[in-house]
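Quick one, fold the following:
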Amino acid sequence: MAPPILSYENLGLIQGEGWLFRNLDIFIGPRDRLALIGRNGAGKTTLLKCLAGLIETDEGTRKIVPGTKVVLLEQDPVMTGQATLEDWVLAGDDAPAAHEAAAIADQIGIDLTRDVATASGGERRRAAIVRALAQEPDVLFLDEPTNHLDLGAIDWLEQWLQRFKGAFIAISHDRTFLTRLTKSCLWLDRGQMRRAEIGFGGFDAWTEAVYAEEQRAAEKLDAKLALELHWLQRGVTARRRRNQGRLAKLNEMRAQRAAMLGPAGGAKLGLAKDDVKTKTVIDADRVSKAFGERPIIRDFTLRIQRGDRIGLVGANGTGKTTLLKLLTGELKPDAGTLSQAKTLSGIVIDQQRKLMAPDKRVRDVLAEGGDWIEVRGHKKHIKGYLKEFLFDPSLTEAPIGSLSGGERSRLLLAREFARASNLLVLDEPTNDLDLETLDLLQEVIADYEGTVLIVSHDRDFLDKTVTVTLGLDGSGKVDIVAGGYEDWIRKRYVDHRRPGKAKAELQGAAPAPRVAASKLSYKDQRDLDRLPGEIERLEAAIAADELTLHDPDLFSRDPNKFAELTERIARHRTDIEAAELRWLEVAEMAEQFARGTDVA
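Predicted coordinates for the structure are as follows:
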């Protein structure tokens, strides 16, 4: 193992009246890929700032190899005092070279001449990434790097980090991002730090093993102590086990929805008239919407039933917000018909963040200052309800300003889910949430009796919550797929496998002949032919390894094998995505040859 280039021994920091964390030993090697994991409020962001040398600790010794460049990508960098994003990127003694910043800005797709005052969250996040990466760091600290990024930008960032020759630590709620990139886990839990040489794909199984060992130790020490073990541990463990049953139910719902959609994906459900009246909440028939000459939504047909969980995906600017506003009645279509059930009563969580005034107490936000909250028609004491949302019940008197960003988002979810409604609209709900809160949110959505519309770039979250995915590519066409994000990606892959045939069948014409090999280069034609089989082989290998990981005693019996399997699964998943993207690339080339167009 290579010696560390950055380390902190016996790190301790006092926050408020006590220690936020103490006696932490952290060692970062020159090529480490670390996931930093912990609940909201555990101190993850603060710890990164300590490691970066931006916060002076109360205890501990920081050592760094001379000449090592350390860069922190902050979650919400302050940009005041600068006119444009470019001014901010190039400001300060540690600013990157202008040509390096311009090159990365071009790759990630950001116009740095935009005014800071009018820049969107996504544009500000891209600018922060440009500044961080263009400094050519040796050690990179990433605090929620995928927040506000669309799928294209996330994919670019993942590829950049895969090529990165330095070390990085990432805090992220994006499970897919962490699974693909990390090789080791740092777990900040109750003021202590644990490290495991496994990628994030093995994190849940590892923490289950740690909790089980703690429980056994407590039982040996004192039966009373075992009963008083922190309530959150047991809640998290039970919740993760319930996840398996919830996913099985979700897959059953997806299968039912796939049967309704039919093989062509045309989404007008074949229901009896009585069923239509009682089950349909939103009915869109050949809906179109344009802004000026640009078509945003074209010929969109979908009947949404009570209980559906609909996910909207696509790059920024492809029309997700427009489609969402059409479905909720905020916008009227230019053509076609769109109706909502008269009894539809919706909650749009993103619009309620203004309720979280810093000087209000948790009690004020949750129960208007009282002790009881009405949760969909049933009264609950606020302390018990706070526990359901992973809060310490003693926080009832805490001011909102003392909560972390993730804790505020979690409290907002608790408030809004208590309200009676039959339509829930979630716009990027995973931003600022920790992984345990995401587990909770998935559970709450699964138990919600109404219909849910979700706009998100969190691929894992969509895979675990939605029954139907609406995929937008910016052309106005909306793909309607039973399933989550991966199902949408798979549909795009299948649609491109025989493009001539698919288009001809849609037009009622005879299938196009197979593209001649001479139209493609030898390498392109070889990839077109071999990659489907390679993808199937990798999927089979993942299934076999996951079956082995289901052994609950594997981690304690053979931690090296456990780490090997989780790393291999993560590597195979990355290989599958790369193979699918490459296959789509050559398939599109083949389609262009079939049309007789120039692909040069």
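
Now do Arg180: how many residues are near it, please.
Look at Arg180: counted by other C-beta atoms under 10 Å, it has 20 neighbours. Heads up, the C-betas are built off the backbone N, CA and C, glycines and all.

Over to it: give its phi and psi.
Torsion angles at Arg180 (phi, psi; degrees, to the nearest 10) stand at phi -70, psi -30.

Wait, it touches Thr574, no?
Yes. Counting by C-beta atoms under 8 Å, Thr574 is a contact partner of Arg180 at 5.2 Å.

residues shared between the contacts of these two?
Residues touching both Arg180 and Thr574 (C-beta atoms under 8 Å, 6 or more residues apart in numbering): Gln162.

Against Ala83, how distant is His148?
Counting by C-beta to C-beta, to the nearest Å, the gap from His148 to Ala83 is 21 Å.

out of the two, which sits in the busier spot?
Taking neighbours as other C-beta under 10 Å, His148 and Ala83 compare with His148 leading, 19 against 11.

I figured that one hits Ala128, correct?
No. Using C-beta under 8 Å, His148 is not in contact with Ala128, being 9.8 Å away.

who's in contact with Ala119?
Ala119 sits next to Leu85, Ala127 when contact means C-beta under 8 Å, 6+ apart.

typo on my end, Ile104
By C-beta under 8 Å, 6+ apart, the neighbours of Ile104 are Ile129, Val130, Leu133, Ala134.

do that again at 10 Å, thanks
Val89, Pro96, Ile110, Arg126, Ile129, Val130, Arg131, Ala132, Leu133, Ala134, Trp156, Trp160 (C-beta atoms under 10 Å, 6 or more residues apart in numbering).

tell me what the lengthiest helix in the chain is packed against?
In the chain, taking DSSP state H as the definition, the longest helix is helix 559-595. Here helix 559-595 touches helix 151-163, helix 175-181, strand 192-196, helix 203-221, helix 485-497, helix 499-507, helix 522-549, helix 554-557, going by 3 or more C-beta pairs under 10 Å, 6 or more residues apart in numbering; DSSP states H and E.

The third one packs against which elements?
Yep, that's strand 192-196 we're talking about. Checking 3+ C-beta pairs under 10 Å, 6+ apart, strand 192-196 ends up next to strand 18-28, strand 33-37, strand 184-189, helix 203-221, helix 559-595.

quick one: low-confidence ranges for the stretch 1-150 of the chain?
For the stretch 1-150 of the chain, applying pLDDT under 70 flags the ranges 1.

now the strands: where do they sit in it?
Taking DSSP state E, counting those that start in this stretch as the criterion, the stretch 1-150 of the chain carries its strands at 6-15, 18-28, 33-37, 59-64, 70-73, 139-143.

Please tabulate the ones you listed in CSV, including the columns distance to Thr343 and mean neighbour count.
CSV is the format used below for those (distance: least, C-beta to C-beta, whole Å; neighbours: other C-beta atoms under 10 Å):
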stretch, distance to Thr343, mean neighbour count
strand 6-15, 48, 18
strand 18-28, 48, 18
strand 33-37, 42, 24
strand 59-64, 59, 14
strand 70-73, 46, 21
strand 139-143, 43, 24
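
Can I get the ones you listed in TSV including distance to Ser288?
Formatted as TSV, the strands of the stretch 1-150 of the chain follow (distance: least, C-beta to C-beta, whole Å):
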stretch	distance to Ser288
strand 6-15	54
strand 18-28	53
strand 33-37	44
strand 59-64	58
strand 70-73	40
strand 139-143	41
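
Ala590 is nearest to which of those?
If you check each of the strands of the stretch 1-150 of the chain against Ala590 by C-beta to C-beta, strand 33-37 wins as the nearest, at 35.9 Å.

Run me through the strand neighbours of the closest one, direction for each.
Paired neighbours of strand 33-37 in the sheet (DSSP bridges): strand 167-171 (parallel), strand 184-189 (parallel).

where does the stretch 151-300 of the chain dip in pLDDT?
Applying pLDDT under 70 to the stretch 151-300 of the chain flags residues 217-244, 262-278.

can you rerun that using 50?
Where the stretch 151-300 of the chain drops to pLDDT under 50, the residues are 224-234, 263-277.

could you list every residue that touches Arg175?
Here Arg175 is in contact with 35, 200-201, 203-204, 430, 435, 438, 458-461, 463-464 (C-beta under 10 Å, 6+ apart).

how near is it to Leu188?
Taking C-beta to C-beta, one finds Arg175 at 17 Å from Leu188.

who's in contact with Asp76?
Thr45, Gly121, Arg124, Arg125, Ala128, Asp143, Glu144, Asn147, Gly405, Asp432 are the contacts of Asp76 under C-beta under 10 Å, 6+ apart.

what do you get for Ser120?
So Ser120 contacts Arg114, Arg126, His148, Asn316 (C-beta under 10 Å, 6+ apart).

Dump the strands paired with strand 33-37 into JSON lines; add mean neighbour count and distance to Ser556 as well.
Formatted as JSON lines, the strands paired with strand 33-37 follow (neighbours: other C-beta atoms under 10 Å; distance: least, C-beta to C-beta, whole Å):
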{"stretch": "strand 167-171", "mean neighbour count": "24", "distance to Ser556": "27"}
{"stretch": "strand 184-189", "mean neighbour count": "20", "distance to Ser556": "17"}
